[in-house]
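Chemist: Please find the sequence and the predicted model below.
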Amino acid sequence: METKKLVRNNALIFSAILIVLAIVGHLINLTQGPYQYIGYAVFLAGIIITCNQYAKLKENYVTFGELFSAGFRMTAIITLAMILFMVIFYFAVPDFTEKALEIARQQIEKQNSNMSEEQIEQAMAMSKKFMLPFMIGGILFSYIVMGLIFSLIGAAVTKKKNPAEKMLQDMNQKTL
């Protein structure tokens, strides 16, 4: 039971860090460029730290699958927390939507210079109408995919001992 608490608590701590990074990024208008990858670095670090702590709780007698599972459970919690945060943020901070739409408009104008103003306006109206579902889908997809990769990395880099050795040691101690 203690391992489940470890994963949950670490997920909530790292979710809070990611939320603070998102808020700071919005406040200082740094939502594009290298700043957006800081969150992924924190996410990766969180999963690696959790996998290491999980292994230490079990004296490193863990399998790759157990560590991957712990990392992916953490991913699920963080993903849900980030979706919840973004939905609240979407409704609580109206200028967030306007900034996002302005960035989208600039990208459309830069990439599709042959679009008429009317086509751009139609694209912007569609973007505004479906912004929340696209945002939720984007968060869900990106966090699950990155969490999958990061859980594999976390499980791979964590020191492991064969759990069968532990069972043999326990059996030997019981027979003595």
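Modeler: Ah, there it is.
Chemist: Is there a neighbour count for residue 106? I'd like the number.
Modeler: When neighbours are defined as other C-beta atoms under 10 Å, residue 106 has 10 of them. (C-beta placed from N, C-alpha, C; glycine too.)
Chemist: swap in the one 3 residues further on?
Modeler: Number of residues near residue 109 (other C-beta under 10 Å) recorded here: 12.
Chemist: Secondary structure element for it, which one?
Modeler: Per DSSP states H and E: residue 109 is located in helix 94-111.
Chemist: In the helix or strand following that helix, which residues are buried?
Modeler: For helix 94-111, the succeeding helix or strand toward the C-terminus, using DSSP H and E, is helix 117-129. Of the residues in helix 117-129, those with enough neighbours to count as buried (16 or more other C-beta atoms under 10 Å) are residue 127.
Chemist: List the residues that contact residue 83.
Modeler: Residue 83 is in contact with 136, 139-140, counting by C-beta atoms under 8 Å, 6 or more residues apart in numbering.
Chemist: Report the buried members of those.
Modeler: If you count burial by 16+ other C-beta under 10 Å, the buried members of those come out as 136, 139.
Chemist: Great, nothing more from me.
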